[in-house]
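*Asks:* Whatever this is, show me its structure:
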Amino acid sequence: MHERILVVDDEPSVHEVVRAYLEREGFIVYSAMTGQEGLDLTQLKQPSLIVLDRMLPDLRGEEVCADVRRRSDVPILMLTAVGSAEDRVAGFSLGTDDYLVKPYSPRELVARVKALLKRSGNSESPLGRSLRFDGGTLEIDTVRHEVKVDGAVKDLTQSEFKLLLALAQYPGRVYSRYELVNRMQGHDFAGYERTVDAHIKNLRRKIEPDPAKARYIETVRGVGYRLGVSPE
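*Replies:* Residues are numbered from 1 along each chain as shown. Got it, this is the predicted structure:
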């Protein structure tokens, strides 16, 4: 295992404990004490995953996350002392892949890191091919983890790709928010169903011709979401 983990936190004790647990599992760990240092190391080291504290001395975690997302889809695990649904939804809307509320168990952090890496780095696909919808307008490459609309590649986060792929595997089937949370995060962790709405909003903004009048991802009121276009 040679995955590189970047830990961005201003508490030395956090670095000591997290580094010890992650290195014990074979990860390579880099440390940043400020948001700007974290951004610099992200560019320099190209980490496999970022563990990011929400409260930093120079930049908020959300600012760091938004900056990273403009250039990369690297998985981001946000550490926060605030556990409200509103804050989680706000974080997910910026591209955070998972949240861990302080105080937390270092073992849980390692488990979540492994789960995120497994989801983002899994090259095996049950489909193993490109899925094409709406006369080829929407294309999902399940091997490259790439989505194209009208031939243009769209920059999706791993969670957004997982969500779209779940809907695309059975076009027309309505998925509840609970089902979609489990498909994105797996059954090992408790999901937050409201965060699905934030991911759907981001996904529509990126792939829909008109996000206000969704063509691809339809809302089924009181139930959930479905892919509303037919396969080619």
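
*Asks:* Report the beta-bridge partner residues of Val8.
*Replies:* Ala32, Leu52 (DSSP bridges).

*Asks:* Burial check on it, number of neighbours?
*Replies:* 32 (other Cβ atoms under 10 Å). Placement of C-beta: from N, CA and C, glycine included.

*Asks:* my guess is it meets Gly38, correct?
*Replies:* Yes. Using Cβ atoms under 8 Å, Val8 is in contact with Gly38, at 3.6 Å.

*Asks:* hey, what's in contact with both of those two?
*Replies:* Ala32, Ile50, Leu52, Leu56, Val64 (Cβ atoms under 8 Å, 6 or more residues apart in numbering).

*Asks:* secondary structure element for the second one?
*Replies:* Put plainly, it is Ile50. Assigned by DSSP states H and E, Ile50 falls within strand 49-53.

*Asks:* any idea how far the most centrally placed residue in the chain is from Lys148?
*Replies:* Central residue of the chain (Cα atoms, centre = their mean): Asp97, 3.1 Å from the mean position. According to Cβ to Cβ, to the nearest Å, Asp97 stands 22 Å off from Lys148.

*Asks:* One more: His15?
*Replies:* From His15 to Lys148 the distance is 40 Å (Cβ to Cβ).

*Asks:* From Val64, how far off is the residue nearest to the centre of the chain?
*Replies:* 14 Å.

*Asks:* what pLDDT does the residue lying closest to Pro12 once chain neighbours are set aside get?
*Replies:* Among residues not flanking Pro12 along the chain, Met33 sits closest, at 7.9 Å (Cβ to Cβ, 6 or more residues apart in numbering). Note for Met33: predicted pLDDT of 96.

*Asks:* what about Met33, how many neighbours?
*Replies:* 18.

*Asks:* residues in contact with it?
*Replies:* Here Met33 is in contact with Val8, Asp9, Asp10, Pro12, Pro57 (criterion: Cβ under 8 Å, 6+ apart).
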